[in-house]
Every structure is written in C-alpha cells, then in structure tokens.
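1. just a sequence and a predicted model for now, questions to come.
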Amino acid sequence: MRKRRKNLFVVEGHHEKNILFRLMLRCFPEMDIDMESIWIYGTNIYRLEQDIIKEYGDDWDEEDIDLPFVISKRKQFDPIQYKNDFTNIILVFDYEHHAPEFDECVIEKFQRYFTDAADVGRLYINYPMIESYQHLHIPLPDGQYKDRLVSVKINPGKEYKKIVKDFDISKRVKFLTKIDDILKKKYEVQDEYLRFQCVNHLLSISTSDHLTEKIEQILKGCLAEDCIQTARHLFCDKILRMGYLENGYSYWSYMRKLFVQIILQNICKANKIQNGTYDISDGQYKTCFDKLDLCRILHKQNEVGRDRENGYIWILNTCVFIIPDYHFDLVLRNLE
C-alpha cells in the first residue's frame, strides 16, 4: 500500500526550499513538515500551465487536476505520485510580471483554481518574487513597508535580489546557511547529519555566558582537534554579531519571533492592497486575515502594474501566510 504523506510543497526554486522553508519549518516544528515533502519545480507558473495543458487541455480549470501526477511525470519521478498520496498540497510561485509569457488571465486563472490545499492545492504568489519577505527594515514593525513598491520595469531576478540583500533580514535569514557553509567548506565536514546536528546545537545557544566553552563542546563532536581552537573563536564572533543573545534568545526563537512580525506586516500590507487600510490592532489580525482574498489581491496588483512605464508592484509576500493558514495560534502566541 502506498504511504499517504501529510503535505506536499511545490516551490519554484532553490531559495524557497533550501533557505526560506528550511528555516521557517525549523522555527515552527508544530507544522511537522520534512524537507523531502518540498519539490522544486524549477521554472515559472507559465511553464506549469503548459504541463497541465498537455494532460488536461486548454480548459483544464474545468477538470479535477492531479498536480502531483503532472509534476512527478515531468520530473520523471519513480514511482509517479498522485494527489491522493497527500493530505495537503501547497504551491509557491513568483508573480513573474517581467516574464515574456506573463498573462493576467493565466495567473488569475491559477489563483482562482488553486484555492484548496486539501483538494487540488492552494497557491501563494509572491510579489515581485520570493525574496519579498526580506524587504523590511529592522527593528520591526517597519513603518515604511505600507508604501513599499517596485517599478514593473525592474528585473526581479537580478535587480530585486540586489535590493533585498542589503536589508538586515536577509543577513539574519542566511545566517543558518552561512554557519552550515563554514562547517562544510572551511572545515570540510561532509557528513550532512553530523553538520545538521552541529548547526542545530550552535544555533540553540541562548546566552553569551561561557560562550566559547559551549561552542568548543559542540565542535568536539564535529571537528578535528587541531581546528577547534580557531573555529570556536570564529563561530563565537559570528554569533555575537547577530545580537540575539543579548535578549536571551537562541537563533531559532529569535527567528520565530521575526517571522511572526513578517507575517503581521504582510497581513497589514495585503489588507491595504485589498481594502485600502494598513493599520490593524492586535485583536483584529485574525479577523482581517480570514477576510483576505488572494484573487482580489492579484487583481489589484495586475491593475496597478498595467502601465509599462509608470506601473508598479506592491511588495507583498503571501507564502508566509502558510503559517497562519496552518494555525493562527502560531502567530498569536508569539505576539508580545
């Protein structure tokens, strides 16, 4: 009998799987999602439509689409997977307004059709692309976020990534990958499980007391003896520079709180795009979130982006809504 898995995440690229979701799922273990449940599709939503059309024809939105079948067939998985193998199906794609294939009708068709994670799947579109969750100034809340936008003439793949990499959130998000890379490339720790354990322990430290000694004890199970003395000072310096120990947080607990603030700011931004109001009181976040309509938000984004000279795109990340969609208490219990 085929084992039914709990969730499937279909994402556009490596950033989604190896940076964002790797960190987000570690910070919210209640979601109980493993990395093997995340499939990298490798190209945009318009190529996905072509793959769907091959199986179901131009009127595919009138059919009962089996998305895992379509994707696993294209990716030549063995065995082929089917939607009945999964409890929930999540799709995460970029807006792709700059793409030559961009078509308002196609992308709105996708957003209308993929609305049910427990059936055909639920689509989260990021504007202009996945890195938009980093486009906030620390400390949060960022008062300028409500008006943050980019011109439709920007190339998200290059220019937009260059913009967000200078924001502090980008540095904090990539800290996990940086620590892993140091162990792998500088100290040649090739065993993935050993590296995973070492990174987890290093980033679980929540106080600067006896920091070098704690780091040394962790590294003893991972590095050669002659590397430990220099490595402990290197990791000590990098951890202290992040600043989270000053408030008694581990990296994981700090990033969990940061993600909650990112989610709240994107709820406010989505509410502004949809309803014209940005400011939301603490007691109204869930009510406003429940009333958000991703189809209406996409339609508004299409409207403001039509002018090829003066059009713009509101900065908005909707894939972080996966967390409150799973259970809004994950957000509420982390509000200070």
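-> That came through fine.
2. now do the SS call for the most far-flung residue of the chain relative to its centre.
-> Here the chain reaches farthest from its C-alpha mean at Asp226, the gap being 38.1 Å by C-alpha atoms, centre = their mean. Reducing the assignment to helix, strand or coil with DSSP: H, G, I helix; E, B strand; the rest coil, the entry for Asp226 is helix.
3. show me where the stretch 1-150 of the chain has its helices.
-> 14, 22-27, 45-56, 67-74, 104-113 (DSSP state H, counting those that start in this stretch).
4. err, the stretch 151-300 of the chain, not the other one
-> Under DSSP H, counting those that start in this stretch, the stretch 151-300 of the chain gives helices at 161-164, 168-173, 175-181, 192-202, 211-219, 225-242, 251-275, 285-290, 294-304.
5. do you know which of the ones you listed lies nearest Asp32?
-> Each of those was scored for nearness to Asp32 using C-beta to C-beta, and the closest is helix 251-275 (15.5 Å). To be clear about C-beta, it is placed using only N, CA and C from the backbone, and glycine gets the same treatment.
6. check which helices and strands that closest one sits against.
-> Helices and strands touching helix 251-275, as assessed by 3 or more C-beta pairs under 8 Å, 6 or more residues apart in numbering; DSSP states H and E, comprise helix 22-27, helix 168-173, helix 225-242, helix 285-290, helix 294-304, strand 312-314, helix 322-326, helix 329-332.
7. 6 Å - rerun?
-> helix 22-27, helix 285-290, helix 294-304 (3 or more C-beta pairs under 6 Å, 6 or more residues apart in numbering; DSSP states H and E).
8. go through these and pick out the most buried.
-> Using mean count of other C-beta atoms under 10 Å, the stretch among the helices and strands packed on helix 251-275 with the greatest mean number of neighbours is helix 22-27 (a mean of 20).
9. show me what that one is in contact with.
-> For helix 22-27, contacts defined as C-beta atoms under 6 Å, 6 or more residues apart in numbering pick out 33, 176, 252, 255-256, 259.
10. now the helices of the stretch 1-150 of the chain in TSV, with mean pLDDT?
-> Formatted as TSV, the entries for the helices of the stretch 1-150 of the chain read as follows, by pLDDT from 0 to 100:
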stretch	mean pLDDT
helix 14	88
helix 22-27	93
helix 45-56	95
helix 67-74	95
helix 104-113	96
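11. export these to TSV and tack on distance to His210?
-> Rendered in TSV, the data for the helices of the stretch 1-150 of the chain read as follows (distance: least, C-beta to C-beta, whole Å):
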stretch	distance to His210
helix 14	37
helix 22-27	25
helix 45-56	50
helix 67-74	49
helix 104-113	52
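12. which among the ones you listed is found nearest to Lys83?
-> Each of the helices of the stretch 1-150 of the chain was checked against Lys83 via C-beta to C-beta, and the shortest separation belongs to helix 67-74, namely 5.2 Å.
13. which parts of that closest one are buried?
-> When burial is assessed from 16 or more other C-beta atoms under 10 Å, helix 67-74 yields the following buried residues: 67-72, 74.
14. return the member of these nearest to Lys286.
-> Proximity of the buried residues of helix 67-74 to Lys286 was ranked by C-beta to C-beta; the top entry is Leu67 with 28.9 Å.
15. how about the contacts made by the closest one?
-> With contact taken as C-beta under 6 Å, 6+ apart, Leu67 is in contact with Gly121.
16. returning to that earlier point: of the helices and strands packed on helix 251-275, which is nearest Val189?
-> helix 22-27 (17.4 Å).
17. what residue ranges in the stretch 101-250 of the chain score low on pLDDT?
-> The stretch 101-250 of the chain contains no residues with pLDDT under 70.
18. cutoff 80 now
-> In the prediction, the stretch 101-250 of the chain carries residues with pLDDT under 80 at positions 155-157.
19. quick one: neighbours of Thr207, just the number.
-> Other residues near Thr207 come to 12 when the count uses other C-beta atoms under 10 Å.
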